[in-house]
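sequence below, structure please.
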Amino acid sequence: MKKILKLLLLSLFAFVAYQSFLFIKGNPGSLDQVKYELNVETLPTELHPIVAEKVGVLKEKTAEKEIKILITDDYRSFEEQDEIYDKGRRTPGKVVTHSEGGESYHNFGLAVDFALQLENGNVIWDIEYDGNGNGQSDWFEAAEIAKELGFQWGGDWREFKDYPHLQMDFGLTINNLQEGKRPQIPS
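Prediction:
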């Protein structure tokens, strides 16, 4: 009798697990897709005005040190983020992010990526380059200026160094942003 009861319970558990799998796989409101269920009306489509203003100041201050930076990426849609996330995973290339769509400050207009632009117009991602000849890395000089302006720099991260990345989170976590919280926009 105990064996039959165990077999029935195991069968019931397997059935429920299988049905749950089918529900999650096929239901548009499934757990797998919750991250995309944000209120589209509250999602930004461009950089937050304060971030955009600080980027302008960053360009001016780096230019004063004879360092020209180029913003290579700013606001990204969830779809664009997923394409970048797929690099090195589902598509050829090197892994450049650990954030899927909806998990990056770029998706909320709060982050930019930068590179150095040479006098001839070429763009480089060389963190050791010293174009102004002052004995310091131009990249690190730009990052220090950015931090003085209130940006957080991906080069300071412990696990995944993201040297081009600058963000302003305004005290909000990704979870806060996913819940619909947004930094205030100045009037």
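
with adjacent residues omitted, what lies nearest to the residue most central in space within the chain?
Central residue of the chain (CA atoms, centre = their mean): Ser104, 2.7 Å from the mean position. Using CB to CB, 6 or more residues apart in numbering and skipping the chain neighbours, the partner closest in space to Ser104 is Gln81 (5.3 Å). Backbone N, C-alpha and C define where each C-beta goes, glycine included.

which strand or helix spans that neighbour?
helix 78-86 (DSSP states H and E).

can you name the next helix or strand after that helix?
Downstream of helix 78-86, the first helix or strand assigned by DSSP H and E is strand 111-117.

so how far is that following strand from its chain's centroid?
Distance, stretch centre to chain centre, for strand 111-117: 13 Å (CA atoms, centre = their mean, to the nearest Å).

mind listing the strands that strand pairs with, and their directions?
Strand 111-117 pairs in its sheet with strand 69-73 (antiparallel), strand 123-124 (antiparallel), strand 165-167 (antiparallel), by DSSP bridges.

quick one: mean pLDDT over the helix holding Gln81.
For helix 78-86, the mean pLDDT works out to 96.

hmm, who's touching that helix?
36, 76, 91, 96-104, 106-107 (CB atoms under 8 Å, 6 or more residues apart in numbering).

please name whichever of those scores lowest on pLDDT.
In terms of pLDDT, Tyr36 ranks lowest among those, with 37.

related to what we said a few turns ago, buried deepest among the strands paired with strand 111-117, which one?
Highest mean neighbour count of these: strand 165-167, a mean of 25 (counted as mean count of other CB atoms under 10 Å).

so after it, what's the next helix or strand?
Downstream of strand 165-167 (by DSSP H and E), the next one is helix 174-178.

what comes up buried for stretch 79-92?
Gln81, Asp82, Ile84, Tyr85 (16 or more other CB atoms under 10 Å).

check the offset of it from the chain's centre.
The answer for stretch 79-92 is 13 Å, by CA atoms, centre = their mean.

care to break this structure down by domain?
2-37, 44-178 (automatic domain parsing).

before we move on, back to that, take the contacts of helix 78-86 and write them to JSON lines, including distance to Pro164.
Listed next are the contacts of helix 78-86 as JSON lines, based on distance: CB to CB, whole Å:
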{"residue": "Tyr36", "distance to Pro164": "26"}
{"residue": "Arg76", "distance to Pro164": "13"}
{"residue": "Thr91", "distance to Pro164": "20"}
{"residue": "Val96", "distance to Pro164": "9"}
{"residue": "Thr97", "distance to Pro164": "11"}
{"residue": "His98", "distance to Pro164": "14"}
{"residue": "Ser99", "distance to Pro164": "14"}
{"residue": "Glu100", "distance to Pro164": "19"}
{"residue": "Gly101", "distance to Pro164": "19"}
{"residue": "Gly102", "distance to Pro164": "21"}
{"residue": "Glu103", "distance to Pro164": "18"}
{"residue": "Ser104", "distance to Pro164": "13"}
{"residue": "His106", "distance to Pro164": "11"}
{"residue": "Asn107", "distance to Pro164": "16"}
